[in-house]
Structures are given as C-alpha cells and as structure tokens.
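> predicted model and sequence follow; I will ask about them next.
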Amino acid sequence: VSSTAFFANKVEHESRHCSNKGLQRPGFSSFDRVYTANQNCGHTYPTFLAVLWCAGLLCSQAPAAFAGLMYLFVRQKYFVGYLGERTQSTPGYLFGKRIILFLFLMSVAGILNYYLVFFFGSDFEIHIKTITSAISPLLLIP
C-alpha cells in the first residue's frame, strides 16, 4: 500500500511540476514516464498478490514473505529506474519477473503436494519447504 501511495504521489507531483493547471499533461515528458511506470506497477500488483497468497497458503509462508518483500523492493527499483533512461528499469523488471515465477512455482508445488496427499497419500510438504527455504536466498542474486 505504501509503495502504491508513493507512486501515486510521484504522478501527482510530476503532473503539477509539468503543468501548473493540475492534472493536465503535455506531450512526452517526465510526467509520461512517471504515469507509465505507475500504470505498469498497478497492472502487475493483482498478479503479485494472487501468487503471493497462494504460495504462502499452499507451500511455505517464510519464503513467500521473503519473496514478497523482495518484490516490493524490486518494484520500487523499477519505478525509480523508469524515471531515468528506460535501460535503468530493465534490471528491476527482469528481477520482478523472476520473483513472480518463484512464487508461481511455489504455488504449483503446493497444489501438486495437495493432490499427491489426496490421491496417493504421499506428503512431500517438508521437502518442498526445505527446498523453497534453500532457494529463496538465491533471489538476492541479480
């Protein structure tokens, strides 16, 4: 929530800075970059929340929470990078995609474990939690 408020505040600030008439915006400006970055972050937020909750509920809470915090940090990096040159936002974008993929794979592993328990009586929850806890620090590698 605080990152969304920060992004919205930057959009409003750039809008007022570019034009003293409120939320009107001229052609291609710093406002356009801020507005686009804000829209990009807003469009990925529902996906992030869905995979975060699924990974935390179905697999393991600690690695999911760690990945969630990393994702919020990466989105901030993406947003600030987008204000400069477009190449500055690319590392944040790619890093964010990797975190979403990790959370998605955690969700899939949790779902598969549920069906393995349901149909075959085999529970791999401890193994999955161990693997995700060991892999989650690798998210720090850029």
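Thanks, I have it.
> show me what the helix or strand that contains residue 45 is packed up against.
In this structure, residue 45 is located in helix 30-58 according to DSSP states H and E. In terms of contacts (3 or more C-beta pairs under 8 Å, 6 or more residues apart in numbering; DSSP states H and E), helix 30-58 is packed against helix 2-18, helix 61-83, helix 86-120. For every residue, glycine as well, the C-beta is placed using N, CA and C.
> redo that, cut-off 10 Å
helix 2-18, helix 61-83, helix 86-120, helix 125-135 (3 or more C-beta pairs under 10 Å, 6 or more residues apart in numbering; DSSP states H and E).
> buried stuff in it?
With burial defined by 16 or more other C-beta atoms under 10 Å, the residues of helix 30-58 counted as buried are 31, 33-35, 37-38, 40-41, 44, 48, 51-52, 54-56, 58.
> again with stretch 66-78
Applying 16+ other C-beta under 10 Å to stretch 66-78 flags 66-68, 70-71, 74-78 as buried.
> what is the nearest of these to residue 112?
Nearest to residue 112 out of those is residue 67 (C-beta to C-beta; 18.6 Å).
> who touches that closest one in this structure?
48, 51-52, 55-56, 74, 98-100, 102-103, 106, 132, 135-136, 139 (C-beta atoms under 10 Å, 6 or more residues apart in numbering).
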